[in-house]
Structures are given as structure tokens and as C-alpha cells.
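Undergrad: Fold the following for me, if possible:
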Amino acid sequence: MRSVHIPIQAIKGRGIAHLQPHRFASDAREAFDDGWGALDDAAQARDAAPPPATEVRWETCKSAITRNDSPDVGFALGLNPYRGCEHGCVYCYARPTHSYLNLSPGLDFETRLIAKRHLAQVLQRELASPRHVPGLLAIGTVTDAYQPVERELRLTREALAVLAQARHPLAIVTKGSGVERDIDILAPMAAQGLAAVYVTITTLDAKLARVLEPRAAAPHRRLRTLRTLAEAGIPVGVSVSPQIPFINEDMERVLEAAWEAGARRAFYTVLRLPWELSPMFRQWLEQHYPDRAQRVMARVQDMRGGKDYDADFAQRMRGSGVWADLLRQRFDKTCARLGYHTEREPLDTSQFRPQALRAQQELF
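TA: Model (predicted):
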């Protein structure tokens with residue numbers, strides 16, 4: 001039986017156009033041409049169908065704060081109000097986490113979101129616990145806390161209010177301009193040395209950004225967010241991540257524009273393709289950049305010891321080899337020329353006051 005290549009059709013506003021099978025699935029299916037035109041009928045039905053809508057499911061939050069001991073991350077505490085992300089970034093290393101929910105890390109990751117019910121209340125209980133040791137709390141590590149659904153659900157804002165009451169330090173990483181809504185909470189915290197925001201700007205090329213990060217804020221809008229936050233007195237930085245060989249090649253221009261907008265700290269990572277993300281990214285390349293797909297993957301493998309991905313803590317963020325060294329040199333020289341700091345904003349843990357939360361709990 002002859003296997004047939006099925007063209008990958010882009011879905012407007014979505015990064016991945018198919019339900020990539022997850023790694024825990026017990027079976028896999030492959031379409032083939034049986035001579036009866038079934039593939040053509042399926043393609044016509046797919047083209048006629050409306051774009052998939054975003055679905056939000058609720059789960060009862062059992063734990064608000066996540067903990068990790070990865071030596072290459074730079075923080076031990078994290079908080080993610082959602083699972084999945086509507087921004088649809090094709091390169092998102094968090095996509096494979098949807099597999100644990102028996103959902104596709106492809107289209108499901110950006111259309112079937114999970115919102116955490118009672119997040120703020122659980123966070124309040126965890127911070128008030130005598131066992132909690134304050135440290136940098138990173139918000140938005142495997143999902144964007146300011147993706148579009150946050151406008152209505154406001155889970156991130158509720159969590160920020162708890163953190164502000166407890167004077168617990170936090171850092172936000174986002175592509176969403178919605179973070180500007182919460183300046184009234186973040187600016188007073190920043191004045192106390194308790195808050196910083198990092199905005200990810202992968203490229204200034206709007207056309208590329210539309211297919212790379214289809215529902216994230218446009219590059220020029222993210223620059224405006226940087227400026228708005230900086231003018232409010234909030235320390236801001238820029239993440240030029242991930243660096244993808246032969247795709248987003250304007251690192252220096254992004255750093256220059258972000259500096260002009262007020263960013264004073266910067267960091268980057270190289271493309272990471274764990275688990276199911278590797279075949280999905282390869283398909284995305286064939287769909288959007290077929291002329292350079294092989295060249296891109298060859299350079300990715302050059303930085304990963306001949307593989308699509310290597311999870312070794314020593315090099316998973318920056319890669320290894322000649323091409324990784326070239327990226328590092330470009331980043332370091334540009335940061336030195338502009339005056340960027342490349343370490344995280346120092347935040348104050350000594351002001352943490354869990355007694356404020358305990359007193360409130362005693363009222364109920």
C-alpha cells in the first residue's frame with residue numbers, strides 16, 4: 001500500500017495546523033490514497049470547516065507554586081495560571097506538557113486550554129505556610145500568563161494581588177501586552193524591589209512573527225509595552241528567545257530597539273525541540289520555509305551534538321559547537337555595546353510578610 005504525502009494546510013491564527021499524536025498514545029494513524037478520492041474529500045471538508053475555536057476548561061487548583069531544581073534555569077519557584085497557550089508559538093518547548101493531559105501538543109495545546117480554579121486562594125495558603133521559603137517566583141514559565149483569555153478570567157491579576165499583599169518577589173516573562181493592565185500592582189511592587197518584567201521579542205519582522213507566534217502581540221506592540229512599563233518605573237528586560245538558525249536573524253536589531261524602549265536586561269536561548277515538538281517544527285518548516293528547511297535543521301543538529309535535541313543541563317539552553325558559539329558572541333558583543341546587564345534583576349526577599357496572609361485567613 002502506497003503512502004501518500006498530505007499537504008499541511010495552515011489554519012489562520014494558529015501555529016500548528018494538525019493534531020500531533022502525543023507520545024503516550026497507544027496507536028497512530030496514517031492517511032493513504034485508496035483510489036476513491038477520500039483524501040480529496042477530507043481536504044475539501046477541512047478547508048470548508050470554520051477555524052477551530054478556543055475552548056477553556058477548568059480544573060481545581062491543588063498546588064499553585066511549582067518547584068524545580070534545574071541548574072540552568074535561574075529560579076526555583078514558578079507559577080502558571082493556565083495549561084496550554086493560545087499564542088500558538090510553533091517553537092514552544094512547553095507543548096509536550098499537554099501530552100500528560102491526553103491532549104495533542106499540536107493544535108490542542110493552543111485551542112484547548114486549562115484554567116486553574118481557586119488559584120489565588122491556593123497561592124495564599126501556600127505563601128502563608130510556615131514551610132514556605134521566599135525566593136524569586138517566575139510567572140509564565142510554561143504558559144503565557146497574559147494570553148488572550150486572561151482579559152476575561154483575570155487569574156494572573158488575582159495571583160499578583162496576593163503576592164503584593166505578602167510582598168513576595170516576582171518576575172514575569174510574557175509576549176502579551178495585557179501586562180500593562182496590572183501596572184497599578186506591579187509599579188508599587190517594583191518601587192520596593194519586588195517585581196520585574198521580561199518581554200520576549202523573537203523578531204521585529206511582523207510577517208515572520210505572524211506565522212511564528214500567530215496570536216501573540218505584534219513586535220511593535222511589545223516594544224510599546226516595554227516602554228510603558230519602563231516609564232511606570234518597572235524594571236524591564238528583553239528575551240530574544242529562541243534563536244532559530246536562518247529564521248530570525250535580527251537579534252542585534254531587536255536588542256537595539258528594546259534598549260531604546262527602556263529594557264536594561266537581556267537574555268536568550270537557542271531553539272529547543274523536546275519530544276513531539278521536533279516533528280511539529282519540521283512540518284512547520286516544510287510548510288512555511290521549504291527552501292531552507294534542511295539547512296535550518298542541519299544547523300540545529302550542529303548545536304545539539306548531531307541530534308534534534310539534547311536535554312543535557314550543561315547545554316540545552318545555549319547549545320554547543322561553532323554555531324552556538326557564534327550566537328553567544330553576537331549576543332555578548334551587542335549587549336556590551338549597548339550596556340545591557342545579562343543577569344536577572346535582583347529582587348528583595350527580606351520584605352516577605354506571610355503574617356499578612358495568615359491574619360486574613362483567620363477572619364474566615
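Undergrad: Contact partners for residue 201?
TA: Residue 201 is in contact with 175, 219, 222-223, 238-240, 254, 257-258, counting by Cβ atoms under 8 Å, 6 or more residues apart in numbering. For glycine as for every other residue, the C-beta is placed from the backbone atoms N, C-alpha and C.
Undergrad: now with 10 Å?
TA: Applying Cβ atoms under 10 Å, 6 or more residues apart in numbering to residue 201 gives the contacts 175, 209, 213, 216-217, 219-220, 222-223, 225-226, 238-241, 248, 250-251, 253-255, 257-258, 261, 263.
Undergrad: and the longest helix belonging to the chain, which residues are buried?
TA: Using DSSP state H to define each element, the chain has its longest helix at helix 322-338. Within helix 322-338, the residues that count as buried by 16 or more other Cβ atoms under 10 Å are 323-324, 327, 330-331, 334-335, 338.
Undergrad: next one: stretch 149-161
TA: By neighbour count, with 16+ other Cβ under 10 Å as the criterion, the buried positions of stretch 149-161 are 149-150, 153-161.
Undergrad: Out of those, which is nearest to residue 292?
TA: Sorting the buried residues of stretch 149-161 by distance to residue 292 puts residue 149 at the head of the list, at 34.2 Å, by Cβ to Cβ.
Undergrad: three-state assignment of the spatially closest residue to that closest one that is not a sequence neighbour?
TA: Counting by Cβ to Cβ, 6 or more residues apart in numbering, residue 149 lies nearest to residue 56, which is 5.8 Å off, once chain neighbours are set aside. When classified by DSSP: H, G, I helix; E, B strand; the rest coil, residue 56 comes out as strand.
Undergrad: and stretch 298-305, how far from the chain's centre?
TA: Averaged C-alpha coordinates place stretch 298-305 at 22 Å from its chain's average position (Cα atoms, centre = their mean, to the nearest Å).
Undergrad: before we move on, what about stretch 89-101?
TA: The chain centre lies 10 Å from the centre of stretch 89-101; the measure is Cα atoms, centre = their mean.
Undergrad: Would you list the buried entries among the contacts of residue 201?
TA: Buried positions within those, assessed by neighbour count (16+ other Cβ under 10 Å), are 175, 209, 213, 216-217, 219, 222-223, 225-226, 238-241, 248, 250-251, 254-255, 257-258, 261, 263.
Undergrad: Quick check: pLDDT value at residue 120.
TA: pLDDT for residue 120: 98.
Undergrad: pretty sure it is touching residue 164, no?
TA: No. When contacts are counted by Cβ atoms under 10 Å, residue 120 is not listed as touching residue 164 (11.5 Å).
Undergrad: Among the buried residues of stretch 149-161, name the ones in helices.
TA: In helices, judged by DSSP H, the following of the buried residues of stretch 149-161 are found: 150, 153, 155-161.
Undergrad: for the stretch 251-364 of the chain, what spans make up the strands?
TA: Counting by DSSP state E, counting those that start in this stretch, the segments of the stretch 251-364 of the chain that form strands are 265-267.
Undergrad: Low-confidence stretches in it?
TA: The model of the stretch 251-364 of the chain has pLDDT under 70 over residues 359-364.
Undergrad: ok, the ones in helices among the buried residues of stretch 149-161 vs residue 20, which is closest?
TA: Top of the list for closeness to residue 20, among these and by Cβ to Cβ, is residue 150 at 25.4 Å.
Undergrad: OK, contacts around that closest one?
TA: Residues in contact with residue 150, defined by Cβ under 10 Å, 6+ apart, are 81-82, 86, 115, 144, 156-157, 174, 176, 178-179, 181-182.
Undergrad: Over to residue 316?
TA: Taking Cβ under 10 Å, 6+ apart, we find residue 316 in contact with 70, 72, 93, 269-270, 272, 274, 304, 309-310.
Undergrad: Residue 328 too?
TA: Taking Cβ under 10 Å, 6+ apart as the contact definition, residue 328 lies against 243, 268, 270, 318-319.
Undergrad: Which two of these have the greatest separation?
TA: 268 and 319 (10.8 Å).
Undergrad: For residue 251, give its distance to residue 266.
TA: Residue 251 sits 10 Å away from residue 266, going by Cβ to Cβ, to the nearest Å.
Undergrad: what sits in contact with each of those two?
TA: Residues touching both residue 251 and residue 266 by Cβ under 10 Å, 6+ apart: 240, 331, 334.
Undergrad: Would you reformat the residues you listed as CSV and include distance to residue 345?
TA: Shown next, in CSV, are these (distance: Cβ to Cβ, whole Å):
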residue, distance to residue 345
240, 17
331, 18
334, 19
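Undergrad: Which of the residues you listed sits closest to residue 285?
TA: For residue 285, the nearest member of the shared contacts of residue 251 and residue 266 is residue 240. The distance, counting by Cβ to Cβ, is 20.2 Å.
Undergrad: Surely the closest one is in contact with residue 269?
TA: Yes. Taking Cβ under 10 Å as the contact criterion, residue 240 and residue 269 are neighbours in contact, 8.9 Å apart.
Undergrad: Need the residues touching each of those two.
TA: With contacts taken as Cβ under 10 Å, 6+ apart, the residues that reach both residue 240 and residue 269 are residue 327.
Undergrad: ok now stretch 307-315, how far from the chain's centre?
TA: Put simply, stretch 307-315 sits 19 Å off its chain's centre (Cα atoms, centre = their mean).
Undergrad: How about that stretch, which residues are buried there?
TA: Applying a neighbour-count criterion of 16+ other Cβ under 10 Å, one finds 308-310, 315 buried in stretch 307-315.
Undergrad: Then stretch 121-129?
TA: 122-128.
Undergrad: List the contacts of that stretch.
TA: Counting contacts by Cβ under 10 Å, 6+ apart, the residues touching stretch 121-129 from outside are 60-65, 77, 79, 81, 116, 118, 132, 134, 137, 158-163, 165-166, 168, 352-362.
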